[in-house]
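sequence first, predicted coordinates after that:
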Amino acid sequence: TIPAEPAEADLLPEPLKQFGAVPPLVGDISLTLDDRILLVSCWGTGELKAYDVSDPFAPRETGSVRIGGIARRDSHPAAGGRALNGGPQMVEASRDGRRVYFTNSLYRSWDDVFYPDGISGWMAKVDVADDGSLSLDPGFFVDFAADGRRAHQIRLQGGDSSSDSYCFS
């Protein structure tokens, strides 16, 4: 269970004001190729969570990073302290499970409802440690804000840890 996070009504879009909270709005999940780390993107709260699922009956949270979010608008080290909107959504984990890439725009119709001031597009990378903890790569931040583009999905050369991996030897 990923709980909603309380937030001031003036920070919330119209559909969430009555609740006084931001739901995680899970947009994507990705399992590392070794079936050990499950990555969960919480587009609403601006959080990427990692769980060790080696024992699928006892998953254990191992890490979390925050960037963007409906209410929090957490920045990235390379964004110069600028408040970011959108949040982790389409997640692509590298085949070795060490790098995770994600973008912040879900779909225009959803973007416009939950981020009525507009989405400033960006892409970020997270590094995954041996223990499953996560850290934002301070040197990897692609900012699409200047030209108004919104990135949706990432494709990694040679495939990622999804079904793409089974197409390569």
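Alright, I've got the coordinates. Numbering: from 1, shown residues only.

burial of residue 9, as a residue count?
With neighbours defined by other C-beta atoms under 10 Å, the count for residue 9 comes to 12. C-betas here are computed from N, CA, C, even on glycine.

in space, what's closest to residue 32 - neighbours in sequence excluded?
Once flanking residues are discounted, residue 32 sits nearest to residue 97: 3.6 Å by C-beta to C-beta, 6 or more residues apart in numbering.

mean confidence for the longest helix belonging to the chain?
Criterion DSSP state H: the longest helix present in the chain is helix 108-114. Averaged across helix 108-114, pLDDT comes to 89.

list the helices and strands that helix packs on?
helix 14-17 (3 or more C-beta pairs under 8 Å, 6 or more residues apart in numbering; DSSP states H and E).

and the residue nearest to residue 32, how many neighbours?
Around residue 97 there are 20 residues (other C-beta under 10 Å).

if I look at it, how far off is residue 36?
7 Å (C-beta to C-beta, to the nearest Å).

and stretch 84-102, what's buried?
The neighbour-count check on stretch 84-102 (16 or more other C-beta atoms under 10 Å) flags 84-95, 97, 99-102 as buried.

how far off centre is stretch 96-105?
8 Å (C-alpha atoms, centre = their mean, to the nearest Å).
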